[in-house]
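# quick one, fold the following:
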Amino acid sequence: MTIAGETGELLDGLRGQGFKITAPRSRVIEWLAARDANFTAEELAAELEEVGRATVYRTLKLLLDQGLVCKVVLGDGSVAYRMSHKVHHHHLVCLGCGATEDIGRCGVGDVIATVREATGYEVVGHRIEIYGVCPACRQGRVQG
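The predicted structure follows:
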């Protein structure tokens, strides 16, 4: 899908749920749709100087709440974000360069059932980050 197509799809989805799409909010969504890599809220705000900082943060929160953006906890504990495309997934995070890949199948259903039974909690969600070193970083370390 093209960036314009993805942007339009995101905007249409939000409009369909009754959210107002202002020009600044649209600009934030365009920027996000053009990103493949992780980004921080600070990077987003810095790159969109023409959009008010509060609008950037509110729009990011809206997209998080709607499942269109997801949080990634990096190896150093800092938080980044990435487009999620509303599909349940987890993240494989490189400790060397911070590259992140989505993992579609979690396979933790039995673990969640065990936790639910043992604690009495009503489990409403989970998030998993798996940390490792990507092939490019491994190769660089061998060559270095």
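
# count the residues that sit near residue 124.
5 (other CB atoms under 10 Å). The way it works is simple: take the backbone N, C-alpha and C, and place the C-beta from them, glycine included.

# just say helix, strand or coil for it.
coil (DSSP: H, G, I helix; E, B strand; the rest coil).

# please apply the same query to residue 14.
helix.

# could I get the full set of strands for the chain?
69-73, 79-83, 90-94, 100-103, 129-132 (DSSP state E).

# the second one versus strand 69-73: what angle between them?
It stands for strand 79-83. Relative orientation of strand 79-83 versus strand 69-73 (axes from the mean of the first three to the mean of the last three CA atoms, to 10 degrees): 150 degrees.

# I'd say residue 126 and residue 112 touch.
Yes - using CB atoms under 8 Å, residue 126 is in contact with residue 112, at 6.5 Å.

# can you give me phi and psi for residue 19?
Main-chain dihedrals, residue 19, degrees, to the nearest 10: phi -80, psi 140.

# how many neighbouring residues does the closest residue to it other than its chain neighbours have?
Nearest residue to residue 19 in three dimensions, chain neighbours excluded: residue 62, at 6.8 Å (CB to CB, 6 or more residues apart in numbering). Using other CB under 10 Å, residue 62 is surrounded by 17 other residues.

# okay, now the unreliable bits of the chain?
1-5, 85-87, 141-144 (pLDDT under 70).

# give me the contacts around stretch 40-55.
22, 24-25, 27-28, 31-32, 56-57, 60, 78-81 (CB atoms under 8 Å, 6 or more residues apart in numbering).

# straight-line length of it, end to end?
15 Å (CA to CA, to the nearest Å).

# can you list the buried residues in it?
For stretch 40-55, burial by neighbour count (16 or more other CB atoms under 10 Å) applies to 44, 45, 48, 51, 55.

# roughly how far out does it sit from the chain middle?
Centroid displacement of stretch 40-55 relative to its chain, using CA atoms, centre = their mean, to the nearest Å, is 16 Å.
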